[in-house]
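>>> here are the coordinates; sequence isn't available:
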């Protein structure tokens, strides 16, 4: 009988079941020799009565387990130590082959292939060796490593080996062919899925574009019910061909001079009456420091040509806001009702300047198409077209009387025109430099212009003459603004500076240094002359006299193009190339 290693934790069960009565056993420390190393292991030795204990005991001291099992094959040794020190050599008592799942019969103690023994028990119900009754519950599994079966006898010759290799090659080729078919099917499925994904993305993009267009159309059509006519609109004569650039201006009449003088005297008297007292309802500087965005409107102008270039507010009703866009349209928007009041269409190029009449529902726009248009807001129609320039109009300002317009152009001329008739009263050449901006003084008797050669010029309106020049900027002057008190002039150029000028002393008394390469597009004082707004890379608010920075509003995602103050500076609005009109309070 070959030697058997039995797991320790099942030792007692195997002792009772494997060995018939009369067998003897003894415990010992046995020498195990493996890889030239000697190790003492604790063993249980079972032997039949025919073998004496003394011979076993004497033999193991010098020779160890191998010597005993070789000389006494009927001996069974249970090693209660490392279970991996011996290899098993078990053979099935039925097939006489190495079993894949060896097991021991508790009746006869023989080793069997479990599959064959279970089939035998199912047919006969007895042990194959002893013939005694045996059930599957009495079978004991033996844990061994997976044996490697030897090659069959048919593979011992060269032809048989070649045939076996050919069969294996055929199987491998068939498997490779199947894998290629599966790969091709997977590629086709992936290609179809990618096509469906691409088609879905195209549909989503088209639907998104249609939704955007529908929202724009809705923003244009929905507010039309909110159009409210002004109580006393400015009476504008029907449009007629007037004041072409080749026509001779009619000149300043005594009547016009008298009107301008009377208005200036009236405004000066009111200003002296008010004195230097700040209005009680004026928003405090601390409140403005806390201003943040409260509304943003992006549907006023077309998304296909994004960008708002011009901004103005009606002084009598600061809820009415006028904007001009890259889409060649001007829009009147009511901030309180959040509705579009009018859409003004007519320019052939983008609207770069927009002015709202102080009291009437009349709007004025200018464009690089070299025209100035006068609009009736309630009717959404153009009532006059003033053609007084040959090149793009770069500046537009409304006189304090509300009856005259000042404009300047790249054609190096400024023009003074009457609104009602559309006729050009004065048209004066500045010289050889392009004019970039123009603004009336609050009294209306003088005005300022900014030139491409960084000069600011003050003009006498009645005499049409240059009375003062302010040098100091190092770039083209892009924006100017007069303070309401009539003492200060703010200017900005392409040099990232805002300069403050004292009109009484005719000198620069303060320069606000902005960030490097900061681009200023708009300057605006509030109606009390207390705050100054600057629009460029962001929107900034400064406190006049101290010229401290109160707030920086960075909500626009593109260049800010306009800034205006509401009544008593209760809110600030700004426009931008990101197509939005934003309200801060």
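Perfect, I can see it now. Since we're looking at a predicted model, the values are computed, not measured.

>>> hey, let's count contacts and neighbours off CA atoms from now on
Will do.

>>> what is the burial count for residue 468?
Neighbour count for residue 468, taken as other CA atoms under 10 Å: 13.

>>> I figured it hits residue 449, correct?
No - between residue 468 and residue 449 there is no contact under CA atoms under 8 Å: 10.8 Å.

>>> joint contacts of the two?
Shared contacts of residue 468 and residue 449, defined by CA atoms under 8 Å, 6 or more residues apart in numbering, comprise 457, 458, 459.

>>> check which strands are paired with the strand or helix carrying the last one and give the direction for each one.
To tie it back to what came earlier, the one meant is residue 459. Using DSSP states H and E, residue 459 falls within strand 456-460. Partners of strand 456-460 in the sheet, by DSSP bridges, are strand 446-451 (antiparallel), strand 465-470 (antiparallel).

>>> now do it: everything it contacts.
In contact with strand 456-460 (CA under 8 Å, 6+ apart) are residues 445-450, 465-471, 477.

>>> so which of these is the closest to residue 129?
Closest approach between those and residue 129, by CA to CA: residue 477, at 117.6 Å.

>>> thinking again about what came up before, ranking the contacts of strand 456-460 by neighbours, who comes first?
Once you tally neighbours by other CA under 10 Å, residue 450 ends up highest among those, having 29 neighbours.

>>> bridging residues for that residue?
residue 437, residue 456.

>>> that one against residue 438, yeah?
Yes - under the criterion of CA under 8 Å, residue 450 makes contact with residue 438 at 6.5 Å.

>>> shared neighbours, those two?
Taking CA under 8 Å, 6+ apart as the criterion, residue 450 and residue 438 both touch 479, 480.

>>> other SSEs contacting the longest helix belonging to the chain?
The longest helix of the chain (DSSP state H) is helix 158-221. Judged by 3 or more CA pairs under 8 Å, 6 or more residues apart in numbering; DSSP states H and E, helix 158-221 is in contact with strand 339-345.

>>> run the chain-centre distance for the following helix or strand past the strand it packs on.
As assigned by DSSP H and E, the chain's next helix or strand after strand 339-345 is strand 353-356. In terms of CA atoms, centre = their mean, to the nearest Å, the centre of strand 353-356 is found 35 Å from the chain centre.

>>> show the pLDDT at residue 337.
On pLDDT, residue 337 comes in at 89.

>>> kindly report the same for residue 45.
If you check residue 45, the pLDDT there is 56.

>>> circling back to that earlier point, buried ones in the strand holding residue 459?
456, 457, 458, 459 (16 or more other CA atoms under 10 Å).

>>> what's the closest of those to residue 289?
Proximity of the buried residues of strand 456-460 to residue 289 was ranked by CA to CA; the top entry is residue 456 with 31.3 Å.

>>> any low-confidence regions in the stretch 1-150 of the chain?
Residue ranges of the stretch 1-150 of the chain with pLDDT under 70: 1-89, 145-150.

>>> now residue 368: how far from residue 305?
Remark: distance between residue 368 and residue 305 (CA to CA, to the nearest Å) = 16 Å.

>>> bridging residues for residue 498?
Beta-bridge partners of residue 498, as defined by DSSP bridges: residue 492, residue 512.

>>> what's around it, how many residues?
Using other CA under 10 Å, residue 498 is surrounded by 22 other residues.

>>> would you confirm that it contacts residue 489?
No - taking contacts as CA under 8 Å, residue 498 lies outside contact range of residue 489: 10.2 Å.

>>> can you tell me the SS state at residue 573?
Under DSSP: H, G, I helix; E, B strand; the rest coil, residue 573 falls in the strand class.

>>> and residue 116, by the same measure?
With three-state DSSP as the criterion, residue 116 reads helix.

>>> same check on the one 5 residues further on?
Secondary structure assignment for residue 121 (three-state DSSP): helix.

>>> wait, it sits on residue 136?
Yes - counting by CA under 8 Å, residue 136 is a contact partner of residue 121 at 7.4 Å.

>>> okay, the two: which has more neighbours?
Each of residue 121 and residue 136 has its neighbours counted (other CA under 10 Å); residue 121 has more, 16 against 13.

>>> tally of neighbours for residue 137?
Residues near residue 137, counting by other CA under 10 Å, number 8.

>>> and the angle for the longest helix of the chain with strand 339-345?
Helix 158-221 and strand 339-345 are oriented at 90 degrees to each other (axes from the mean of the first three to the mean of the last three CA atoms, to 10 degrees).

>>> show me how far helix 158-221 is from its chain's centre.
That offset, for helix 158-221, works out to 30 Å (CA atoms, centre = their mean).

>>> same check, this time on stretch 104-117
73 Å.

>>> show me the contacts for residue 552.
Shown in contact with residue 552 (CA under 8 Å, 6+ apart): 538, 539, 540, 541.

>>> measure how buried residue 505 is and give me the count.
9.

>>> dump the residue contacts of the residue nearest the centre of the chain.
In the chain, the centroid-proximal residue (CA atoms, centre = their mean) is residue 557; its distance is 12.7 Å. Each residue near residue 557 by CA under 8 Å, 6+ apart is listed here: residue 578.

>>> need the per-residue pLDDT for it.
What the model reports for residue 557 is a pLDDT of 90.

>>> for it, give its distance to residue 455.
Residue 557 is 31 Å from residue 455, where distance means CA to CA.

>>> quick one, which of residue 368 and residue 305 is more surrounded?
Counting neighbours by other CA under 10 Å for residue 368 and for residue 305 shows that residue 368 has the greater number, 20 against 13.

>>> my guess is that one meets residue 353, correct?
No - Residue 368 is beyond contact range of residue 353, at 9.7 Å (criterion: CA under 8 Å).

>>> overlap in contacts, these two.
Counting by CA under 8 Å, 6+ apart, the common neighbours of residue 368 and residue 353 are residue 394.

>>> neighbours around residue 168, how many?
Around residue 168 there are 12 other residues, counting by other CA under 10 Å.

>>> how close does residue 367 get to residue 396?
Counting by CA to CA, the separation of residue 367 from residue 396 is 10 Å.

>>> ah, wrong one, I meant residue 102
As for residue 102, its distance to residue 396 is 106 Å (criterion: CA to CA).
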